[in-house]
Structures are given as structure tokens and as C-alpha cells.
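**Q** just the structure for this:
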Amino acid sequence: MGEDYKAATRDGHDLKLVYLHGFGSSAASGTVKTLKELLPEFDVVAPDIPVDPAEALPFLRRLCMNEVPDVIVGTSMGGMYTQQMRGYKRICVNPAFEMSKKSKVLRIGTHEYFKPRKDDATHFEITAEIIRHHAEMEECQFDGITDEDREQVWGLFADNDRQVDGEAVFREHYNQVVHFHGEHRMDEDVIRKVLVPLIREICM
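**A** As a prediction, this is how the structure comes out:
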């Protein structure tokens, strides 16, 4: 099946997918591994996202400008950043649009990364300034949305997400919504049966 899809890509070149991970995670996320296994026709690019949004947002915009992805997929906090990558096809999975209000998650202090980072960092610091940067970004994260943007963005929402409820906010700006049975974190079955088919549908 992989070869059939590969034959359908532009000029024989692989398609490109940028994956943006959630809070406290990294490019070593299990989701990245699963996407690479299930989408052999895609070059999957997964950066370690900087902790401070004042650094992360321009970093991710430069990355996408350089990589020119066919689709960007982001989960949770990564879904929030994905929405802001204007001009690309985007899939926001259980997006966390209000990180600054998640006091149990985004709290001042030292935290341990869930997955290893490329720079070998094991811990990160959340400061009052970083929380303020999140709040400032959230105020303008939907600015400048065009009709073309609305056609390029999909929201995937779990029916049993007890951590984030971003669908109402998403629907204020976009209308392409997909529901799936599951929790905040996607398991391999959801990736295989819901996310991967959608990626192929919008990229082929």
C-alpha cells in the first residue's frame, strides 16, 4: 500500500508532514513514531518546540517556511500552534487554545519532560513571564483568518477528553470538525483509523 501512495505523490517526491507535539513532550513522541510507520510516503518532520511561546511561534513559522509541508498536524498545545501556521493545510487534534488558564498544567516551577529532547534537556522551567506570553498570544491567535484558511483547517475532537475542551472556540472560526471516540491523548488505533485517513484525504 505504501508504494501505491508513494507513486501518487508529486513528481515522485515524498509528501511532507510537520508534527507539533503537546506540552512537556518532544519530537520523540510515540505519535511521531506511529505516523512514520503508517505514512511511509511522508517525510515526517518533528521539532522540539521551545517552552516560551515568544520563542516558539517565530521558530515554528520559520520551520514551516523552510520545510513547506503539505500538512501540519498538532496535538493539544501543538494544535494551538498548528492553527497559527497560516497558509498550510492543518489538522488540530484536541487543541489547547487556552494554555494560560490551565493552572494545573502551566504552573510556575521546574518540570520534567515526558520524552527525551534532542538537546538532551530533561527539565524545563515555567516562569510568570512565560505564562504571560501564553496569555498575550492567546488574545491574538485567531487574528487574520481568511476564507482560504477556513478551508485548510480541520479540528479533531475526542468524545472523552477530560483535559481540554477546545471545540467551541474552534467552531467560532472554522467549520471542518471530526469527532472520534477516545481521550485527550490519541492512541495508535485512533491515529490509524481517524488521523491517517484524513491526512491522506486532504493531501492526495
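
**Q** and the closest residue to residue 203 other than its chain neighbours, how far is that from residue 202?
**A** Spatially, and ignoring its direct neighbours in sequence, residue 203 is nearest to residue 70 (4.9 Å; Cβ to Cβ, 6 or more residues apart in numbering). Backbone N, C-alpha and C define where each C-beta goes, glycine included. In this view, residue 70 and residue 202 are 9 Å apart by Cβ to Cβ, to the nearest Å.

**Q** and for residue 19?
**A** Going from residue 19 to residue 202 by Cβ to Cβ gives 15 Å.

**Q** tell me the SS of residue 179?
**A** Using DSSP: H, G, I helix; E, B strand; the rest coil, the structure places residue 179 in strand.

**Q** give the contact list for it.
**A** With contact taken as Cβ atoms under 8 Å, 6 or more residues apart in numbering, residue 179 is in contact with 156, 157, 158, 159.

**Q** tell me the secondary structure at residue 73.
**A** At residue 73 the chain is in strand, as set by three-state DSSP.

**Q** so what's it bridging to?
**A** Note on residue 73: beta-bridge partners by DSSP bridges are residue 19, residue 91.

**Q** show the pLDDT at it.
**A** Predicted confidence (pLDDT) at residue 73: the value is 98.

**Q** hang on, isn't it packed against residue 89?
**A** No - using Cβ atoms under 8 Å, residue 73 makes no contact with residue 89, being 9.6 Å away.

**Q** please say which of the two ends up with more neighbours.
**A** For residue 73 versus residue 89, the count of surrounding residues by other Cβ atoms under 10 Å is larger for residue 73: 28 against 18.

**Q** quick check: the gap between the residue nearest to residue 203 and residue 99.
**A** 27 Å.

**Q** wait, isn't residue 32 in contact with residue 19?
**A** Yes - here residue 32 lies in contact with residue 19, judged by Cβ under 8 Å, at a distance of 5.6 Å.

**Q** hmm, back to that, what sits against the residue nearest to residue 203?
**A** Counted by Cβ under 8 Å, 6+ apart, residue 70 has contacts 15, 16, 17, 42, 89, 203.

**Q** let's see it at 6 Å
**A** 15, 16, 203 (Cβ atoms under 6 Å, 6 or more residues apart in numbering).

**Q** and it, how close does it get to residue 45?
**A** 11 Å.

**Q** one more: residue 15?
**A** Per Cβ to Cβ, residue 15 is found 11 Å from residue 45.

**Q** the two: which is more packed in?
**A** Taking other Cβ under 10 Å, residue 15 and residue 45 do not tie; residue 15 has more neighbours (21 against 18).

**Q** and the more buried one, what is it in contact with?
**A** Contacts for residue 15 (Cβ under 6 Å, 6+ apart) come out as 9, 41, 42, 70, 203.
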